[in-house]
Every structure is written in C-alpha cells, then in structure tokens.
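Asker: task: produce atomic coordinates for the following.
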Amino acid sequence: MYLPPRPRPLPAVVSLLRAAMRGEGNLLDLLPGSAYRMDIGPLGWSRRSTIIVNRPDLVRRVLIEDEARFPKSDLMVQALEPLIGDSIFVSSGDTWRRQRDMVDPALSMMRIGRAFPSMQAGVEECASGLRKIAEAGSCVSLDLLMSHLTADIICRTVFSTALTEDVTHEVFEAFTIFERSVAQVEIKRLVLDKAWTKVPQKPEVLEACRIIRDHIGALLDRSGRDHDDIASALSLAEDGAGQKFSREELIDQLGVLFLAGHETSASALTWVFFILASQPDLVARIRAEVRAHCGEGPISFEQSKKLAFTRNVFREAVRLYPPITFLPRVALEDCELGGRHVKRGALVIVAPWVLHRHEKYWRDPDVFDPDRFSPTRESEITPGAYIPFGIGPRICSGAAFASIEAVLIIASLARDFDFQLDEKTEVRPAARLTTRPVKQVMCRIMRAPN
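Answerer: Next up is the predicted model:
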C-alpha cells in the first residue's frame, strides 16, 4: 500500500498556525483533519464565513442546480483577471453565455481524432530530447519537462505550431511567480478580508501576467487567420449581433485554452511520473500492457484505447492530486444549504482534493491504488465523489483531450524511459491555483531495458 505525500491532517487552529508559519501560501496546510469527514461545515475561523461542501448532492446543488446563486468567487475572479481578463473561465451570466456560444465551435477542433497527431508529434519530440538527456546523464526538472511537453501539444493544437523551449521556460517561470505571489491566495487575505474586498496585485504578479499574455499574443499574430486551427476559428467567431472578439478578448480566451490545456495536464503528469519513479511494480505493469497492445513503435489512437491500466494510473493520480484543488464559489444572498445557514458573501468551497480523499466515500482514501477504477471495483465509487474535471455547465471542455493525451504520454515515456528521483528531492504537495509540488521535482532519465 503506497501512501504518496500529503499534508498531515491537524486540528483547525493548528492547521492555521502551520500555514502561517511556513509562509508558502499553501492552501492545503489550512485544511483541518475534520474536513475529510464532514458533509458540510466551516473551515476554521475567518472574517467572512468559509464553508466546505463535501456531500455529492450538495456539490451538485452548488455547481449545477443553484449555479446562479453561487457564482465563481470574487477571490478567483480577481486573481485571474490580470491573466485572462473576463474570459469564459471566470465570466458569468449573459457574458459567459455569449462567450460559450462563440468558443464552442472552435473547441470542436479539439476532438481526439483531429488532435491526436499533434499529441503524437509532441510526444515524439519529447522522447527524442529525453534520449539525449539520458545519454548526458543530467538531472532535469520533472515539472518543467511536463510543462514543456503539454504546452507544445496544446500549442500545436491551438496555433498549428510547435513551442520553443525558451518560450516554455519563460511561461513556466512567469506562471510559477503568478501562483506563488497572487494576492488572493495569501492566508491573511483569506482569513481577515471582508467579502468582495478589492485587492491590488503586486508588481511581480502583473509583470508575470504581461509576459504570458505577450507570448500568447505573439503566437496569435503568427498564426494569422488562414490556418485551420482553434486560433483562426476564434478569430472568425461572431456573436448573435455579428461582433467578433477584439484582440485583447482573443488573448483572454486563448489564454484560458493555453493555460488550462497545458498547466493542469502538466500538474497531473508531474505527479504521475513522480509516483512511477518510486513504484517499479506499477511501471512494470504499464510496460507489459503497452508492449502487449502497442509493441515498440509509435502508439496509435486505437491502441491507446486498449490501455486500461495505464488510464487507471492517470485516473488515480488526478483523484489524489486533482489539478484544480479547489472550486471556490460565493453566496450572492443568504440561503440554506444542507441544513446550514449560509450568509451572503460566504465562501462556499467544493474541493476535489478533499472530496477525493473523503473517508466516507473512499476505501483507504490516501492510498495510491489504480485498481480501484478496474471494472470489478468501479461500483465501489460513490457517484459524484470523483470530479477531477468539475461537473455541470462549467465542466472542463477539454477533459477527453486531457485524458487521451495523458494516456499517450504515460504509455510512451514509461515504456521507453526510467525516471529516477534525485536523492535530495523532498516532495510536498501545495495548492495555490493548481496542485503542484512545493519545490520542483528533480530526476534523472535513463533508457528503459529492453
């Protein structure tokens, strides 16, 4: 029974002190042990009430049935505004519906049959680079490696071009600064600020956003409107009044696709390969499955669909380390939820991290066990207790893309390479906007034995 890293569950007051003393802005450190047992309840003390919702029927009410009463929280909207504006990820009401109607046709180009060649090309280029790294015997950042691979794939899909390594480095560093420094994830803001408090961003956060948006703008300009890709389709999209997106609005929407399409996948895959690096039995099972169904050559789409165990490794990784750790909402009015009075302005948090580790819904919730998703055991999973891509109208539209991409990457790289953790590596999970290791995971790459 393998227990990958997690914060030690502590009483609420002790959890708050731990988070404050570490000063890392790691929201996981705030979670008390009681959060993993309750149906609905407070998350410690804060000036504005903060409530966590774990019961699947209440989760459904917050995210689907009463979605208008519980829009995305002001903290999340303010945090992301400098990066992706009032885009489809954070907008609401008529604005969201207009954007969704314009964006949805372009997203049809993310259909797997159409996008799979871009995935294959990105994986092959990555494998070529890993062969050189293996020969050199150098140590690399697993986080950066996965970020470059997934960013390259989404760039080929959205902009019809590969992504250079220097751009990946700049975007990776900028997003790391953004996540660590954005004011809305500061512990003191969460605890002491009133609802809807306007928070100014730090200069380094605004500069990080500028760097990322400049790179997306450059990719948009280089793409033009003559490619049969997502960027071109969005450039030509019109709303019911015949209006198109402005250039800034295009950067907003493409920023969502680019960042959500690679940052969340990179997060999940970093955890997958970290776990595989310490679990050779899992690697052996993946290799046996891949070689049985795919041989040693490039993996086709039809072959990837047969890799059930590899897919379950990914499913279990995003159970324990969901890329989006928290789905914060805000109550627009006083209401009742699960027998509890919820004040206007309260933070109402659905946390995939907590729901996926809840003691009521999972056997051995903190154990990494891919076989819990096997056909003989899937009936054990409580409906609504597994939401790595969200649920409802705001469910991740790239969920199928991300799942197939992950299976292809895991199968290809685990078959051909061994990942060995640097012995000095100490890994702890952190949640800011996504679920990442506190420090980058360093490892060595070696060619797998035949």
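Asker: looking at this, residue 100 is in a helix?
Answerer: Yes - looking at residue 100 with DSSP: H, G, I helix; E, B strand; the rest coil, it is inside a helix.
Asker: contact partners for it?
Answerer: Contacts for residue 100 (C-beta atoms under 8 Å, 6 or more residues apart in numbering) come out as residue 88. Quick note: C-beta positions are derived from backbone N, CA and C, even for glycine.
Asker: count the residues that sit near the nearest residue to residue 343 once chain neighbours are set aside.
Answerer: Leaving aside its sequence neighbours, residue 343 sits nearest to residue 49 (C-beta to C-beta, 6 or more residues apart in numbering; 5.3 Å). Applying other C-beta atoms under 10 Å, we find 19 residues neighbouring residue 49.
Asker: what do you get for residue 252?
Answerer: 25.
Asker: quick check, pLDDT for residue 199.
Answerer: With respect to pLDDT, residue 199 scores 80.
Asker: next, give phi and psi for residue 365.
Answerer: Dihedral angles of residue 365 (phi, psi; degrees, to the nearest 10) stand at phi -60, psi -30.
Asker: now it: how far from residue 402?
Answerer: Separation of residue 365 from residue 402 (C-beta to C-beta, to the nearest Å): 23 Å.
Asker: which one's more surrounded, these two?
Answerer: A direct count of neighbours by other C-beta under 10 Å for residue 365 and residue 402 places residue 402 higher, at 25 against 17.
Asker: need the contact list for that one.
Answerer: For residue 402, the contacting residues are 261, 264, 265, 268, 389, 396, by C-beta under 8 Å, 6+ apart.
Asker: same deal with residue 206?
Answerer: residue 82.
Asker: what about it, distance to residue 83?
Answerer: Counting by C-beta to C-beta, the gap from residue 206 to residue 83 is 10 Å.
Asker: need the helix or strand of this protein with the lowest average pLDDT.
Answerer: helix 187-192 (a mean of 71; mean pLDDT, DSSP states H and E).
Asker: after that helix, which helix or strand is next?
Answerer: Where DSSP states H and E defines the elements, the next helix or strand beyond helix 187-192 is helix 203-223.
Asker: can you give the contact residues for the helix or strand just after that next one?
Answerer: Next along the chain after helix 203-223, taking DSSP H and E as the criterion, comes helix 230-236. With C-beta under 8 Å, 6+ apart as the test, helix 230-236 has contacts from 102-103, 105-107, 109-110, 157-160, 219-220, 223-226, 244-245, 250, 253-254, 257.
Asker: buried sites along helix 230-236?
Answerer: Across helix 230-236, burial judged by 16 or more other C-beta atoms under 10 Å covers 230, 231, 232, 233, 234, 235.
Asker: now, which of those residues sits nearest residue 164?
Answerer: residue 231 (17.0 Å; C-beta to C-beta).
Asker: for the closest residue to the closest one other than its chain neighbours, give me its contacts.
Answerer: What sits nearest to residue 231 in space, not counting adjacent residues and going by C-beta to C-beta, 6+ apart, is residue 223, at 4.3 Å. Contacts for residue 223 (C-beta under 8 Å, 6+ apart) come out as 159, 160, 161, 229, 231, 232.
Asker: gap between residue 223 and residue 217?
Answerer: 11 Å.
Asker: surely residue 419 forms part of a strand?
Answerer: Yes - under three-state DSSP, residue 419 falls within a strand.
Asker: what sits opposite it in the beta ladder?
Answerer: Beta-bridge partners for residue 419, by DSSP bridges, are residue 445.
Asker: is it true that it touches residue 445?
Answerer: Yes - shown here, residue 419 and residue 445 form a contact pair, counting by C-beta atoms under 8 Å, at 6.4 Å.
Asker: what is the mean pLDDT for stretch 235-254?
Answerer: Taken as a whole, stretch 235-254 has an average pLDDT of 92.
Asker: how far does it stretch from one end to the other?
Answerer: Separation of the first and last residues of stretch 235-254 by C-alpha to C-alpha, to the nearest Å is 10 Å.
Asker: show me what counts as buried in it.
Answerer: Residues of stretch 235-254 classed as buried by neighbour count (16+ other C-beta under 10 Å): 235, 237, 245, 249, 250, 251, 252, 253, 254.
Asker: now stretch 135-145
Answerer: So, applying 16+ other C-beta under 10 Å, buried residues of stretch 135-145: 140, 141, 142, 143, 144, 145.
Asker: for the nearest residue to the third one once chain neighbours are set aside, give its distance to residue 262.
Answerer: When you say that, I think you mean residue 142. Excluding its sequence neighbours, the residue lying closest to residue 142 (C-beta to C-beta, 6+ apart) is residue 441, at 4.2 Å. If you measure residue 441 against residue 262 using C-beta to C-beta, the figure is 17 Å.
Asker: what of residue 99?
Answerer: 21 Å.
Asker: show me which of these two is the more surrounded one.
Answerer: Between residue 99 and residue 262, residue 262 has the larger neighbour count (other C-beta under 10 Å), namely 29 against 22.
Asker: touching, the more buried one and residue 147? I think so.
Answerer: Yes - using C-beta under 8 Å, residue 262 is in contact with residue 147, at 6.8 Å.
Asker: just to revisit the earlier point, just the contacts of residue 402: which are in helices?
Answerer: Applying DSSP state H to the contacts of residue 402, the entries found in helices are 261, 264, 265, 268.
Asker: show me which residues of stretch 399-412 are buried.
Answerer: Buried residues in stretch 399-412, defined by neighbour count with 16+ other C-beta under 10 Å: 401, 402, 403, 404, 405, 406, 407, 408, 409, 410, 411, 412.
Asker: residue 362 in helix, strand or coil?
Answerer: Assigned with three-state DSSP, residue 362 falls in the coil class.
Asker: torsion angles phi and psi at it?
Answerer: Torsion angles, degrees, to the nearest 10, at residue 362: phi -130, psi 140.
Asker: what about the chain, any weak spots by pLDDT?
Answerer: The chain contains residues with pLDDT under 70 at 23, 25, 109, 183-188, 224-227.
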